[in-house]
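just need the structure, nothing else, for what follows:
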Amino acid sequence: MTKSNNIKHSKYNEFFSFVKDYDKPVMILGSVGCGKSTAIRQAAEQLKADLYYLGSIENNKDFFGIDNLNTKDVPSNLVLAYLKGGILYVDDVAKRKINVILDLLNLVKKNTLTIGKTKYEKHKDFKVVLSCENENELIVKYLKDTIIKKKLVN
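Have a look, this model is predicted:
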């Protein structure tokens, strides 16, 4: 994880309390360059949590990256965050297919993850932060009960 600078966004403390205190995924909204990624890195540092990046998800197969944890395949960042704890950062959700994002959010709500024939327990420190550049109506409409929304703007 790259160390971020020490300058905190004016809304950082409020954003950090959402990430720290809630089990629901947090969506952070803001324009390009407003500090979304920096705030997420700083929150991970402050929580002493690993940060896992999930940038490209086009279908449900991208969630796992593997069929079975006992194989030599490399697990996806979702699987690593889910099992080891840490923050899963899903970048730019407005550019993703809405059904894929909904499937992802349904998956992270569960307390067990089934890969192949094996079930794995969710780590108690697993957190999800999604970022979005604008308040896409579809995202807000479908996710309003699933996420905590926090605006981070200039």
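
I'd say Lys16 and Ala43 touch.
Actually, residue 16 is Phe rather than Lys. Yes: using C-beta atoms under 8 Å, Phe16 is in contact with Ala43, at 5.1 Å. C-beta coordinates here come from the backbone N, C-alpha and C atoms, glycine included.

pick out whichever of the two has more residues nearby.
With neighbours defined as other C-beta atoms under 10 Å, Phe16 and Ala43 compare such that Ala43 has more, 25 against 19.

confirm the more buried one sits in a helix?
Yes: counting by DSSP: H, G, I helix; E, B strand; the rest coil, Ala43 is located in a helix.

show the model's pLDDT score for it.
The score at Ala43 is 88. That number is its pLDDT.

check contacts around it.
Ala43 makes contacts with 12, 15-16, 19-20, 49, 87, 129, as judged by C-beta atoms under 8 Å, 6 or more residues apart in numbering.

filter these to the buried ones?
Among these, those classed as buried by 16 or more other C-beta atoms under 10 Å are 12, 15-16, 19, 49, 87, 129.

let me see the ranges of the helices in the chain.
Remark: helices assigned in the chain by DSSP state H are 12-21, 36-47, 77-84, 98-109, 137-143.

turn the ones you listed into CSV, including distance to Thr118.
As requested, the helices of the chain are exported to CSV (distance: least, C-beta to C-beta, whole Å):
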stretch, distance to Thr118
helix 12-21, 29
helix 36-47, 28
helix 77-84, 11
helix 98-109, 15
helix 137-143, 29
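
now the top strand by length along the chain against helix 98-109, angle please.
Scanning the chain for the longest strand, with DSSP state E as the assignment, gives strand 126-132. Per axes from the mean of the first three to the mean of the last three C-alpha atoms, to 10 degrees, the angle that strand 126-132 makes with helix 98-109 is 160 degrees.

what lines up beside strand 126-132 in the sheet?
Next to strand 126-132 in the sheet, as set by DSSP bridges, lie strand 26-29 (parallel), strand 86-90 (parallel).

right, I'll leave it there.
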